[in-house]
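J.: pasting the sequence and the predicted model now:
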Amino acid sequence: MIHVCSLAALPETVRRTAASHVLTVMANVEQVARPETILPENHLKVSMDDITEELEGFVAPSEHHVAQVLAFVRSWDRGAPLVVHCYAGISRSTASAFAAACALNPHRDELMIAKAIRAASPIASPNRLIVSLADKALGREGRMLRALDAIGPGNMLTEGQPFRIDLE
């Protein structure tokens, strides 16, 4: 099971879910303290800004970032939940969780996964660049982006509420 949350909700989400792995996808990852119950090798920090195109002074999500995320989630044994978080729990984390769910379920329909994310979080707004890069890396032929278009944009808030994505 994958749980998505904001940085502020990370400690409580890890505690409540008894997660074994944490994926941090945000800028300034050095400000993120690894929860005490998470082994160092089970916490991946990927530093990127929440942007969808190259912008001077910012770090746009890249193929390398997405490859790191996909390798990490594929190494997760699924014995306990994975928590994916960004700063607000709305864009980078939901895009990374969407990519993870698609990677771990190669035959599951992208639209069904996207609809499950929307049902779990009406404010989820997956970062389109991350999704585009994941779609390419996973050979999904644009279906992940079309699934985002189908569910539409999320309701705008400043911080998301934790939610989960079932893998089966």
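T.: Perfect, I can see it now.

J.: what helix or strand is residue 118 on?
T.: Assigned by DSSP states H and E, residue 118 belongs to helix 110-120.

J.: ok, which stretches of this structure are helices?
T.: Using DSSP state H, the helices found in the chain span residues 10-17, 63-75, 92-104, 110-120, 128-138, 143-151.

J.: run through the neighbouring helices and strands of the second one.
T.: Helices and strands in packing contact with helix 63-75 are listed as strand 21-26, strand 43-47, helix 92-104, helix 128-138; criterion 3 or more Cβ pairs under 8 Å, 6 or more residues apart in numbering; DSSP states H and E. For the C-beta atoms, the positions are set from N, CA and C on the backbone; glycine is no exception.

J.: low-confidence stretches in this protein?
T.: 157-160 (pLDDT under 70).

J.: what sits against the spatially most central residue of it?
T.: Residue closest to the average C-alpha location in the chain (Cα atoms, centre = their mean): residue 96, at 2.6 Å. With contact set as Cβ atoms under 8 Å, 6 or more residues apart in numbering, residue 96 has these partners: 23, 25, 46, 69, 84, 86, 130.

J.: thinking again about what came up before, now tabulate the helices and strands packed on helix 63-75 in a markdown table and tack on distance to residue 10.
T.: A markdown table is the format used below for these (distance: least, Cβ to Cβ, whole Å):
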| stretch | distance to residue 10 |
| --- | --- |
| strand 21-26 | 7 |
| strand 43-47 | 10 |
| helix 92-104 | 10 |
| helix 128-138 | 19 |
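
J.: so of those, which one's packed in deepest?
T.: helix 92-104 (a mean of 27; mean count of other Cβ atoms under 10 Å).

J.: between the helix holding residue 118 and helix 92-104, how big is the angle?
T.: For helix 110-120 against helix 92-104, the angle by axes from the mean of the first three to the mean of the last three Cα atoms, to 10 degrees is 140 degrees.

J.: between helix 110-120 and helix 128-138, how many degrees?
T.: Using the same axes, to 10 degrees: helix 110-120 against helix 128-138 is 140 degrees.

J.: quick check: which of the helices and strands packed on helix 63-75 is nearest to residue 7?
T.: Closest to residue 7 of the helices and strands packed on helix 63-75 is strand 21-26 (Cβ to Cβ; 6.9 Å).

J.: hmm, residue 87 and residue 24 touching each other?
T.: No: with contact defined as Cβ atoms under 8 Å, residue 24 does not count as touching residue 87 (9.7 Å).

J.: any idea which residue of this structure is furthest from its center?
T.: Residue farthest from the centre of the chain, counting by Cα atoms, centre = their mean, is residue 56 at 24.1 Å.

J.: of the helices of the chain, which is nearest residue 30?
T.: Nearest to residue 30, of all the helices of the chain, is helix 10-17, at 14.6 Å by Cβ to Cβ.
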